[in-house]
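K.L.:
here are the coordinates; sequence isn't available:
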DNA sequence: CGATTTCTTGATAGGGATCAAGGTCTGTGG
DNA sequence: CCACAGACCTTGATCCCTATCAAGAAATCG
């Protein structure tokens, strides 16, 4: 479905999500596109951001998937977010994120690198665009909040169901998922670490969801068999991901 | 410690945190102060934001505490954030938050109300200030991420310890907590709903922490008895709250 | 001062972790 | 083309952390 893997084509992932939130002028779109012109590819399993390091750039994901995670001193790992095309990595990098979280590529990734000085230049030349970008970033809080509800008050079955539906909706919003299916290299270990579960238990939960004809996870692909049933079961309410449009803020 | 409860004095909570992140010009500080000049008080237990409603304003908390929470269809509640002075409520209100989360006052609160049109005006007149504000809001993601680690990979004991330390640090950053103690009307039910635990278990955990001479929660006050011991036990790393300063982004 | 609300404590149960051991698949090198 | 290693999945047995259920104290409030 997506265009060729050239930078300009993929650029849309970030720009289109931003445009869903607030209208972008033609010039702003051009600036955005130009910002993403310097790219770099990241090998599978490599870190984009390593805990404790400093970086001189932020990164916009153009292609591929990654995870943002934290390792506790005793080795426990918590994945706080799945990084998808259109996501921004490293904004907090030089102030806080650097010392706590790492971001690693799950697949080979293509990222646009934007040096801080360029962002700062934007602050002078296109402050309104920058306001829009940061506003968008602040909206991502909603994804974290929903994830918190998952971990705090949902059973393992509901968690997994909700998690898989959220990924579906997020990928759809950037045109990377079909109606009920998407490709992503999720292992059971990744699901476990994202949802605070153990690997064997994730295995059992997935089997259960499969047997109930709700979702199937196999071959790096998630296929939702019964969207309504699964959504109801997971108490899934996609508005926090898709209903960004329509806000009056910054609409001018 | 804080000044008189006049709007100008309390204004500092938000402004000072923003200033910790990026330098503010004198004019920007003035605009910020003026933005917070229209205030409203909220009675204890009342909602500032009710799920599903729309609002024409955003709110900056000047005094008092609240919670941001979500009720699932079957009544389970998850508190996603404790709202403290200097926090902003309702930014996402009209697009998404409105349909999912409520914010309720724990104590009587004083909030500044800023109508959307005023924010939009800022977009024209002070876009750089707006960029700074939204940048700050996006930094709050770090608090959510840390909360996710709590719920996903920490034991009940560690969670409670970490939670109480985070509140200490956050209140200190706005000058509302002493070295090792702060006042906040936390019930065990609130702690339970914030940390995904049951009330009886919170009770036992608190007793344990008290017996171990680590923290005491009583009379709407939290007193840390052994800051180092507790921090180590909870694996608490306050940099995600306080090390905002020093970023080169927007520093100009 | 009666009535919620909040806190405590105990008994029981269950969801999910942990431990353990195969099985399966994939890529690699001989 | 086969052998092998390493990653990943599967399943079973057992245990334990924490939820639930229950029922009183204690504190707070109108």
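P.N.:
Good, I have the coordinates. Note that the structure is a prediction, hence the values are computed from the model and not measured. Residues are numbered from 1 along each chain as shown, chains lettered A, B, ... in the order given.
K.L.:
rest of the way, CA atoms for contacts and neighbours
P.N.:
Noted.
K.L.:
helix, strand or coil for residue A:110?
P.N.:
In three-state terms, and counting by DSSP: H, G, I helix; E, B strand; the rest coil, residue A:110 is strand.
K.L.:
measure the closest residue to it other than its chain neighbours to chain B for me?
P.N.:
Distance criterion C-alpha to C-alpha, 6 or more residues apart in numbering or on different chains; nearest residue to residue A:110, sequence neighbours excluded, is residue A:41 at 4.4 Å. Separation of residue A:41 from chain B (C-alpha to the nearest C-alpha, to the nearest Å) stands at 24 Å.
K.L.:
give me the helices and strands touching the helix or strand harbouring residue A:41, please.
P.N.:
Assigned by DSSP states H and E, residue A:41 falls within strand A:39-42. If contacts are counted by 3 or more C-alpha pairs under 8 Å, 6 or more residues apart in numbering or on different chains; DSSP states H and E, strand A:39-42 sits against strand A:109-115.
K.L.:
and the strand it packs on, what does it pack onto?
P.N.:
Applying 3+ C-alpha pairs under 8 Å, 6+ apart, one finds that strand A:109-115 makes contact with strand A:39-42, strand A:57-63.
K.L.:
residue A:183 and chain B: what is the separation?
P.N.:
Plainly put, residue A:183 is 25 Å away from chain B if you go by C-alpha to the nearest C-alpha.
K.L.:
strands of chain A, residue ranges please.
P.N.:
For chain A, the strands identified by DSSP state E occupy A:39-42, A:47-49, A:57-63, A:66-71, A:77-83, A:88-89, A:102-105, A:109-115, A:181-183, A:215-218, A:221-224, in order along the chain.
K.L.:
lowest mean pLDDT across those, which one is that?
P.N.:
Of all those, mean pLDDT reaches its minimum on strand A:47-49 (a mean of 88).
K.L.:
which positions in that one come out as buried?
P.N.:
Across strand A:47-49, burial judged by 16 or more other C-alpha atoms under 10 Å in any protein chain shown covers A:47-49.
K.L.:
which of those residues lies closest to chain B?
P.N.:
residue A:49 (15.3 Å; C-alpha to the nearest C-alpha).
K.L.:
any idea how far residue A:92 is from the closest one?
P.N.:
Between residue A:49 and residue A:92 the computed distance is 11 Å (C-alpha to C-alpha, to the nearest Å).
K.L.:
state the distance from residue A:186 to DNA strand D.
P.N.:
Computed as C-alpha to the nearest atom of the strand, to the nearest Å, the residue A:186 to DNA strand D distance reads 6 Å.
K.L.:
return the residues in contact with the residue nearest to that residue when sequence neighbours are not counted.
P.N.:
Among residues not flanking residue A:186 along the chain, residue A:220 sits closest, at 6.0 Å (C-alpha to C-alpha, 6+ apart). For residue A:220, the contact set (C-alpha atoms under 8 Å, 6 or more residues apart in numbering or on different chains) comprises A:183-187.
K.L.:
same check, this time on residue A:238
P.N.:
Here residue A:238 is in contact with A:166, A:169 (C-alpha under 8 Å, 6+ apart).
K.L.:
list the contacts of the residue nearest to residue A:81 when sequence neighbours are not counted.
P.N.:
Nearest residue to residue A:81, sequence neighbours excluded (C-alpha to C-alpha, 6+ apart): residue A:68, at 5.2 Å. By C-alpha under 8 Å, 6+ apart, the contact set of residue A:68 is A:79-83, A:101-104.
K.L.:
out of those residues, who's nearest DNA strand C?
P.N.:
Looking at the contacts of residue A:68 and their distance to DNA strand C, the nearest is residue A:79, at 13.6 Å (C-alpha to the nearest atom of the strand).
K.L.:
do I have it right that that closest one meets residue A:101?
P.N.:
No - with the criterion set as C-alpha atoms under 8 Å, residue A:79 and residue A:101 do not qualify as a contacting pair; they are 9.3 Å apart.
K.L.:
tell me which helix or strand of chain A sits lowest on mean pLDDT?
P.N.:
Among the helical and strand segments of chain A, the one scoring lowest on mean pLDDT, DSSP states H and E is helix A:7-10, with a mean of 46.
K.L.:
quick check: residue A:241 touching residue A:143?
P.N.:
Yes - distance between residue A:241 and residue A:143: 7.4 Å, which falls inside the contact criterion (C-alpha under 8 Å).
K.L.:
for chain A, which helix is longest?
P.N.:
The helix that spans the most residues within chain A, counting by DSSP state H, is helix A:156-173.
K.L.:
near DNA strand C, anything from it?
P.N.:
Yes - where contact is defined by C-alpha under 7 Å from any atom of the strand, part of helix A:156-173 touches DNA strand C, namely A:156-157.
K.L.:
pull out the buried positions in that helix.
P.N.:
Residues of helix A:156-173 classed as buried: A:156-173 (neighbour count, 16+ other C-alpha under 10 Å).
K.L.:
in terms of secondary structure, what does it contact?
P.N.:
Helices and strands touching helix A:156-173, as assessed by 3+ C-alpha pairs under 8 Å, 6+ apart, comprise helix A:141-153, strand A:181-183, helix A:188-195, helix A:199-211, helix A:227-234, helix A:239-242.
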